[in-house]
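Undergrad: The sequence isn't on hand, but the structure is:
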């Protein structure tokens with residue numbers, strides 16, 4: 001299975017949610033910003049690949065790990081790994097998280113999932129093609145955020161996190177009369193790109209995504225879920241365009257193989273979930289788009305609702 005390879009510029013990661021206070025002010029420090037622990041929250045809501053792939057889960061899972069780094073244009077600071085404890089609803093950290101001085105603008109960069117592979121000022125994401133388990137699906141969900149501003153000792157700073165990929169969910173039905181006692185055991189979804197490159201632009205205004213060097217389409221093994229009679233497959237894909245002539249789904253029922261194409265060219269956008277209905281009968285395979293959702297936590301325009 002491919003894993004996400006994330007390389008980040010002076011680094012990062014961090015994250016989310018639930019009004020988490022990353023660090024508290026160290027009372028033993030002198031009353032100056034330099035060396036003070038940073039009070040910060042990293043928030044993102046509606047984590048669709050956390051508690052429930054299809055629901056509006058807003059909680060982190062036990063032992064989720066994030067990475068947060070801080071630096072300036074002139075000085076590299078530190079990187080710390082945050083680990084979530086579901087019993088206490090708190091995050092522990094492995095290192096310091098402090099202001100470097102009182103005057104320079106600081107970068108605070110945050111990314112989930114955590115990674116040990118860094119290079120200055122950029123992040124490389126390679127799409128995992130095996131997302132067949134909830135754990136694998138979750139690990140494909142790239143989320144990042146940043147802050148570039150001067151130190152602030154008096155207030156808790158908020159790092160707005162964003163889902164950078166697209167989520168595709170296939171709700172399906174197999175005709176029992178046509179295929180008695182048979183089901184779709186596995187399904188693949190086409191991602192228009194194989195990965196993405198992120199970098200901080202000259203104006204320092206957010207992490208910009210570039211997929212120009214990752215234009216090879218990839219088939220992703222999707223995660224199957226069942227909730228009563230509702231059966232679904234879900235996968236994270238890299239934003240991009242899938243044409244109507246492209247095979248979007250591949251699956252099998254028993255010994256018979258199937259493919260399904262989109263009815264029209266579709267531009268998959270970051271931070272959105274695309275839901276389709278798949279009906280399979282003896283002589284038909286029908287794929288219909290049901291919705292394109294700007295879900296909380298998946299849409300950066302909803303960040304005020306996530307805190």
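TA: Yes, it's here. Worth saying up front: this structure is predicted, and the values here are computed from it rather than measured. Numbering: from 1, shown residues only.

Undergrad: I'd like the mean pLDDT over stretch 139-151, please.
TA: Stretch 139-151 comes out with an average pLDDT of 88.

Undergrad: which parts of it are buried?
TA: 139-148, 151 (16 or more other C-beta atoms under 10 Å). No exception for glycine: its C-beta is placed from N, CA and C like everyone else's.

Undergrad: distance of residue 107 from residue 71?
TA: 5 Å (C-beta to C-beta, to the nearest Å).

Undergrad: ok, back up a step: tell me the one among the buried residues of stretch 139-151 nearest to residue 183.
TA: Distances from residue 183 to those, taken as C-beta to C-beta, are shortest for residue 140 (24.1 Å).

Undergrad: how about the nearest residue to that closest one once chain neighbours are set aside, what does it touch?
TA: The spatial neighbour of residue 140 that comes closest, neighbours along the chain excluded (C-beta to C-beta, 6 or more residues apart in numbering), is residue 236 at 4.0 Å. If a contact means C-beta atoms under 8 Å, 6 or more residues apart in numbering, then residue 236 has 49, 127, 131, 137, 140-142, 165-168, 220 as its contacts.

Undergrad: same deal with residue 216?
TA: Per C-beta under 8 Å, 6+ apart, neighbours of residue 216: 193-194.

Undergrad: how about it, secondary structure?
TA: When classified by DSSP: H, G, I helix; E, B strand; the rest coil, residue 216 comes out as coil.

Undergrad: Adding secondary structure and distance to residue 276, write the buried residues of stretch 139-151 out as CSV.
TA: Converted to CSV, the buried residues of stretch 139-151 look like this (DSSP: H, G, I helix; E, B strand; the rest coil; distance: C-beta to C-beta, whole Å):
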residue, secondary structure, distance to residue 276
139, helix, 23
140, coil, 19
141, coil, 19
142, coil, 22
143, strand, 24
144, strand, 27
145, strand, 29
146, strand, 33
147, strand, 37
148, strand, 38
151, coil, 47
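
Undergrad: Any chance of TSV for those residues, columns distance to residue 67?
TA: Output for those, formatted as TSV (distance: C-beta to C-beta, whole Å):
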residue	distance to residue 67
139	14
140	17
141	15
142	13
143	11
144	10
145	12
146	13
147	15
148	18
151	21
